[in-house]
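Colleague: A predicted structure for the sequence below; I have some questions about it.
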Amino acid sequence: MSQNSKKSTIIIIILVILLIGSNVYQITSKNKIQTTLNTKIDEVSLEKDALQTEFIASSARVDSLSAVTTDQEGKLNASQTEIKSLEAKIRQILKNERLTTDELSQAKALIASLNSKIADLASQVAQLQEENQKLTNENQQLNTNLSNVTQEKEKVQEKLFTTEKEKAAVEDIASTMNASDFKFTAILEKKNGKQKETTSARKTNLFKVEFTLNNRLAESGEKDIYVVVLNPENKVVTDDESLKFTTREDGELQYSDKIKINFEKGKPNPVSYNRKVLKPLKGDYIISVYQNGFKIGEGRKTLK
């Protein structure tokens, strides 16, 4: 081989070596770049996952606060509207499969703003809950006070009712008539209507009772007077043994007659009562007059 041929061969070998080296370098560089890029993609993916997890936690916290504040009647609507808007923006970014660095930064900033808004909302909710609890306590106290007032009112009304009943009872008793100038007479009434006082049982055919009713408190009007006539055998002289009335001191009694008096308040009211008797017995006859359940007059006549 000539000297020139040797040089040419050497040059070719050197070129081949350089070419191979260049290719190896390019391949190695490309691999390094791909490795770096894959690493960067993995880091972005991990960061996206972390942001996704944080966003889910923040959204869950918003949901829990929303449940608490459903009865706040719009006081927190502004904050809740802003939070929903931020959530929508974050959700829109995170749904991308591959995020850029700028998009990651934007998502971070939005989530930070979201968490800040959530913290403000939580503070407002806590304040409203405290105010609501205070109002609840005040309402409970007012209800307690109202209950106490109602009980006191009932006691006063009960006392007033009792007082009015007692007053009415006193006024009722005070309205009982007073019978004055009481006179009980045995009479012989002749066929011509003439009357003559007598003490003979054989001649007596009429009892006359006279008295005057007085009471300054009783109202004018019709009053019932019950007359009880007892014969010497202590039996009630009556035309109907079923006739009874109730007294306040002696319970239920039979009566002989019931008469009605038109009473006029503020003036004496003379009363005259006659009862015919057949074959009266010898002995003491007692006539008692009752009004308003009380005995207001009594007369005695002895027949011989």
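Modeller: That came through fine. Numbers count the residues shown, from 1 in each chain.

Colleague: chain center to the strand or helix carrying residue 113: distance?
Modeller: Element membership of residue 113, judged by DSSP states H and E, is helix 101-174. From the chain centre to the centre of helix 101-174 is a distance of 15 Å (CA atoms, centre = their mean, to the nearest Å).

Colleague: against which helices or strands is that helix packed?
Modeller: If you count contacts as 3 or more CB pairs under 8 Å, 6 or more residues apart in numbering; DSSP states H and E, helix 101-174 packs onto helix 3-68, helix 77-94. Bear in mind the C-beta positions are built from the backbone N, C-alpha and C, glycine included.

Colleague: residues contacting stretch 199-212, please?
Modeller: 179-189, 195, 198, 227, 229, 268-278, 280-283, 285, 287, 289, 297, 299, 301-304 (CB atoms under 8 Å, 6 or more residues apart in numbering).

Colleague: apply 6 Å and report the result again.
Modeller: 179-189, 198, 268, 270-277, 280, 282, 287, 297, 303-304 (CB atoms under 6 Å, 6 or more residues apart in numbering).

Colleague: what is the neighbour count of residue 173?
Modeller: Residue 173 sits with 13 neighbouring residues when counted by other CB atoms under 10 Å.

Colleague: low-confidence regions, the stretch 151-300 of the chain specifically.
Modeller: 156, 160 (pLDDT under 70).

Colleague: tell me where it has strands.
Modeller: For the stretch 151-300 of the chain, the strands defined by DSSP state E, counting those that start in this stretch cover 178-189, 195-197, 206-214, 221-230, 244-247, 251-254, 257-263, 269-276, 283-291, 294-303.

Colleague: for the residue nearest to residue 274 when sequence neighbours are not counted, give the beta-bridge partners.
Modeller: Distance criterion CB to CB, 6 or more residues apart in numbering; nearest residue to residue 274, sequence neighbours excluded, is residue 208 at 5.3 Å. Beta bridges link residue 208 to residue 185, residue 274 when assigned by DSSP bridges.

Colleague: any idea how far residue 208 is from residue 277?
Modeller: As judged by CB to CB, to the nearest Å, residue 208 and residue 277 stand 11 Å apart.

Colleague: also residue 265?
Modeller: Applying CB to CB, the value for residue 265 to residue 277 is 34 Å.

Colleague: among those two, which residue is more densely surrounded?
Modeller: residue 277 (18 against 13).

Colleague: quick one: that one and residue 187, what's the gap?
Modeller: Counting by CB to CB, the gap from residue 277 to residue 187 is 10 Å.

Colleague: start to end distance for stretch 94-108?
Modeller: Criterion CA to CA, to the nearest Å; first-to-last residue distance in stretch 94-108 is 11 Å.

Colleague: identify each buried residue in it, please.
Modeller: Residues of stretch 94-108 classed as buried: 94, 99, 104, 107 (neighbour count, 16 or more other CB atoms under 10 Å).

Colleague: cool, stretch 289-304 as well?
Modeller: 289, 290, 291, 292, 295, 296, 297, 299, 301, 303.

Colleague: can you list the domains in the chain?
Modeller: The chain breaks down by automatic domain parsing into domains covering 3-132, 178-303.

Colleague: now do the residue lying closest to residue 218 once chain neighbours are set aside against residue 216, distance only.
Modeller: Sequence neighbours aside, residue 175 is the residue nearest to residue 218 in space, at 4.1 Å (criterion: CB to CB, 6+ apart). As judged by CB to CB, residue 175 and residue 216 stand 10 Å apart.

Colleague: cool, residue 201 as well?
Modeller: Taken as CB to CB, the span from residue 201 to residue 216 is 41 Å.

Colleague: who's more crowded, the two?
Modeller: Between residue 201 and residue 216, residue 201 has the larger neighbour count (other CB under 10 Å), namely 18 against 10.

Colleague: what's the distance between the more buried one and residue 191?
Modeller: For residue 201, the distance to residue 191 - CB to CB - is 20 Å.
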